[in-house]
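>>> Sequence first, predicted coordinates after that:
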Amino acid sequence: MNTSESIAPAVESILDSARERDGGDERLSVEARSFPDAVAEAEREGRVAVIAEVKPTSPTTEGIREDDPVELAREMVAGGAAALSVLTEPEHFGGSPETLRRVREAVDVPVLRKDFLLREDQLDVVEADLVLLIARFVDDLAGLVEAAKERGFQPLVEVHTREELAEAIEAGADVVGINNRDLGKLEVDLDTFERVAIEAPEDVLLVAESGIGSGENVRRMREAGADALLIGTAIMDGDVRENTNDFTTA
Ligand SMILES: O=C(O)c1ccccc1NCC(=O)[C@H](O)[C@H](O)COP(=O)(O)O
């Protein structure tokens with residue numbers, strides 16, 4: 001873990017609970033739905049490839065959305081989402097592994113497990129198609145990428161800097177998320193994607209994460225090289241089907 005830079009208190013708290021959370025008892029073996037295929041299908045059909053996030057709450061949003069996550073997920077798919085992201089972090093994001101299990105059963109698009117995974121046994125808690133691994137917080141990134149792939153997961157390695165991008169590539173990441181949110185300050189800046197994506201190898205699938213709130217933002221991220229966009233807050237705010245449709249047709 002890179003602790004040389006400061007981390008926002010909310011993120012410290014997220015990491016403290018992540019360290020304490022149990023792993024699974026048995027090693028999982030997953031038959032993942034292909035994320036690259038889902039992105040290609042969206043492209044073919046003229047949709048922007050959006051990973052719509054079921055995000056009941058977060059440290060940077062007020063209140064909690066109490067709707068049934070399965071209903072929200074179905075509406076996101078009806079709005080054209082190529083894939084879904086489901087929070088499984090319980091204490092700061094209102095998620096759970098059970099929510100992910102129910103959502104994945106109800107839809108046929110790839111589903112990302114969105115959490116703060118630090119150890120190999122934490123991969124074994126619930127099946128998903130993709131798992132998020134945050135380069136800044138994982139001690140042995142190459143080891144965890146390999147452990148995820150061995151189980152059948154597609155690891156989505158999240159980075160925020162060019163150095164972390166290089167680390168992710170070295171660790172064997174094929175899908176990289178560039179987070180516009182600085183987890184040091186929790187500030188969002190879309191320049192981040194533009195600055196980091198320019199260094200990415202051609203064959204890596206790039207996901208622009210966080211702070212995307214308009215059609216203009218979508219076009220900006222796509223022009224900078226995003227193959228897919230991860231959008232939470234702006235989709236969860238209001239009618240999720242309509243919101244997802246606005247982004248997938250931007
Ligand atoms: O979203 C937060 O408040 C947050 C706080 C602390 C650590 C991580 C956080 N978000 C994680 C994410 O990566 C986002 O949920 C995801 O990229 C979607 O972002 P957005 O569209 O801005 O909700």
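Good, I have the coordinates. Since the model is a prediction, treat every value here as computed from it, not as a measurement.

>>> Skip the chain neighbours and tell me the closest residue to Ile220.
I think there's a mix-up here, since residue 220 is Arg and not Ile. Leu190 (6.3 Å; Cβ to Cβ, 6 or more residues apart in numbering). Placement of C-beta: from N, CA and C, glycine included.

>>> and stretch 116-129, does that touch the ligand?
No. Applying Cβ under 6 Å from any ligand atom, one finds stretch 116-129 out of contact with the ligand, separated by at least 8.0 Å.

>>> Tell me the residues of this structure that contact the ligand?
Residues of the chain lying near the ligand (Cβ under 6 Å from any ligand atom): 10-11, 53, 55, 58-60, 179, 181, 183, 186, 209-212, 230-234.

>>> now do 8 Å
8, 10-11, 14, 53, 55, 58-61, 85, 87, 92-93, 114, 132, 158, 177, 179-181, 183, 186, 188, 209-213, 230-236 (Cβ under 8 Å from any ligand atom).

>>> rewinding a little: contact partners for the residue nearest to Arg220?
180, 211-212, 217, 220-221 (Cβ atoms under 8 Å, 6 or more residues apart in numbering).

>>> Now list the buried members of the residues of the chain next to the ligand.
8, 11, 14, 53, 55, 58, 85, 87, 92-93, 114, 132, 158, 177, 179-181, 183, 186, 188, 209-213, 230-236 (16 or more other Cβ atoms under 10 Å).

>>> out of those, which are inside strands?
53, 85, 87, 114, 132, 158, 177, 179, 181, 188, 209, 230-231 (DSSP state E).

>>> Using PDB, list the CA coordinates for stretch 37-53.
The C-alpha coordinates for stretch 37-53 follow below in PDB (Å, rounded to 0.1, in the frame of the first residue of the first chain):
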ATOM      1  CA  ASP A  37     -17.600  -8.500 -25.100                       C
ATOM      2  CA  ALA A  38     -20.200  -6.300 -23.300                       C
ATOM      3  CA  VAL A  39     -18.300  -3.200 -24.300                       C
ATOM      4  CA  ALA A  40     -18.000  -4.300 -27.900                       C
ATOM      5  CA  GLU A  41     -21.700  -5.100 -28.000                       C
ATOM      6  CA  ALA A  42     -22.600  -1.600 -26.800                       C
ATOM      7  CA  GLU A  43     -20.300  -0.100 -29.400                       C
ATOM      8  CA  ARG A  44     -21.900  -2.200 -32.100                       C
ATOM      9  CA  GLU A  45     -25.300  -1.100 -31.100                       C
ATOM     10  CA  GLY A  46     -24.300   2.500 -31.000                       C
ATOM     11  CA  ARG A  47     -24.500   2.800 -27.200                       C
ATOM     12  CA  VAL A  48     -21.900   4.400 -25.000                       C
ATOM     13  CA  ALA A  49     -20.600   1.600 -22.800                       C
ATOM     14  CA  VAL A  50     -21.700   2.600 -19.300                       C
ATOM     15  CA  ILE A  51     -21.100   0.700 -16.100                       C
ATOM     16  CA  ALA A  52     -24.000   1.900 -14.000                       C
ATOM     17  CA  GLU A  53     -23.400   1.800 -10.300                       C
END
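
>>> Let's see the pLDDT reported for the residue lying closest to Glu41 once chain neighbours are set aside.
Counting by Cβ to Cβ, 6+ apart, Ala82 is the residue found nearest to Glu41 once chain neighbours are left out, at 7.0 Å. The per-residue pLDDT reported for Ala82 equals 98.

>>> Tell me if I'm right that Gly94 and Pro56 touch.
Yes. Taking contacts as Cβ atoms under 8 Å, Gly94 lies within contact range of Pro56: 3.4 Å.
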